[in-house]
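Undergrad: Structure of the sequence below:
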Amino acid sequence: MHGRLSQSASSIVARPVNGFHLLRIDGYSHTKTVLPGQKLSSQQFTVGGHSWQIDYYPNGRDAAAKPNAISVYLQHIDHTQQHLQVQARYKFSLLDHDGIPAYELPAETGSFTSVPPQVSPYYHNGVMVNEEQGPVCGHEEFIAWEDLERREHLIRDDSNVIRCDVGVTQIDESWLAHEHQDDSEDVEYSEEGYGRVLSSAASAPSSAG
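TA: Just a heads-up that it's a prediction; the model follows:
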């Protein structure tokens, strides 16, 4: 005698997810007193189920690099302590007075390893400092002070706005059909789910040459 055949079906759906975050710098001229290597960080934001943070270095991230230039980097923040890895597309730009990107660098793709969110920040000369960070992606020389300040449409009342676009591939997993038991221990089946698996496979374009 043969046992009952267990039946189930599931799906994995990969889809692109895009979003952006705006970081306004008020008192731009005063941020120029921040020492090289020190950063000012945005609030954390979410795109594609991942948490992100913009790190803004008014005097550059690398003290040995070109002086008087702004660095911007994107960092992946991990709230699960699992040091997740993700690949993402990103692009940094500066907005004009109408909120339109008027200065930007080409979009790039980078691999990120997340770090735990900042737990105990400390302040140095009024600047919040966070030493812990994982591999970040961005631009060491995003724009020089001189280039920014001569573009009057990018600064208003000593403020400017940085836009960071982020795109990731989000993976969703779900059941299409599976066995389940009620209180009487009778097993029920959903035939509709199995039909969806077969019809989807039949309608998918062939990759054969």
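
Undergrad: From now on I want contacts and neighbour counts done on CA atoms only, so please keep to that.
TA: OK.

Undergrad: Three-state assignment for the residue positioned nearest the centre of the chain, please.
TA: In the chain, the residue lying closest to the centroid (CA atoms, centre = their mean) is residue 52, at 4.6 Å. With DSSP: H, G, I helix; E, B strand; the rest coil as the basis, residue 52 sits in strand.

Undergrad: correct me, but it touches residue 74?
TA: Yes - Residue 52 lies in contact with residue 74 (CA atoms under 8 Å); the separation is 7.0 Å.

Undergrad: how close does the residue nearest to the centre of the chain sit to residue 78?
TA: Distance of residue 52 to residue 78, given as CA to CA, to the nearest Å: 9 Å.

Undergrad: Ok, residue 147 next?
TA: 35 Å.

Undergrad: Can you list the low-confidence ranges for this structure?
TA: Scanning the chain for pLDDT under 70 picks out 1-3, 81-82, 116-135, 178-209.

Undergrad: And the helices in it, which stretches?
TA: 28-31, 145-150, 191-203 (DSSP state H).

Undergrad: Spit out the contact partners of residue 154.
TA: Residue 154 sits next to 94, 95, 96, 97, 102, 148, 160, 161 when contact means CA atoms under 8 Å, 6 or more residues apart in numbering.

Undergrad: Mind doing that once more with 6 Å?
TA: residue 96 (CA atoms under 6 Å, 6 or more residues apart in numbering).

Undergrad: swap in residue 138?
TA: Applying CA under 6 Å, 6+ apart, the residues near residue 138 are 72, 73, 74.

Undergrad: Now intersect these with the strands, please.
TA: When those are checked against strands (DSSP state E), the matches are 72, 73, 74.

Undergrad: Make CSV from the residues you listed and add distance to residue 61 and neighbour count to it.
TA: Shown next, in CSV, are the ones in strands among the contacts of residue 138 (distance: CA to CA, whole Å; neighbours: other CA atoms under 10 Å):
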residue, distance to residue 61, neighbour count
72, 8, 25
73, 9, 23
74, 12, 25
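
Undergrad: thought residue 90 was touching residue 166?
TA: Yes - assessed by CA atoms under 6 Å, residue 90 is found in contact with residue 166 at 4.6 Å.

Undergrad: Number of residues surrounding the closest residue in space to residue 61 that isn't next to it in sequence?
TA: Excluding the flanking residues, the one nearest residue 61 by CA to CA, 6 or more residues apart in numbering is residue 37, at 4.2 Å. Neighbour count of residue 37, defined by other CA atoms under 10 Å: 16.

Undergrad: contacting residues around residue 37?
TA: 60, 61, 62, 63.

Undergrad: distance of residue 92 from residue 50?
TA: Residue 92 sits 18 Å away from residue 50, going by CA to CA.

Undergrad: Residue 155 now?
TA: 31 Å.

Undergrad: cool, and residue 57?
TA: To residue 50, residue 57 is 23 Å away according to CA to CA.
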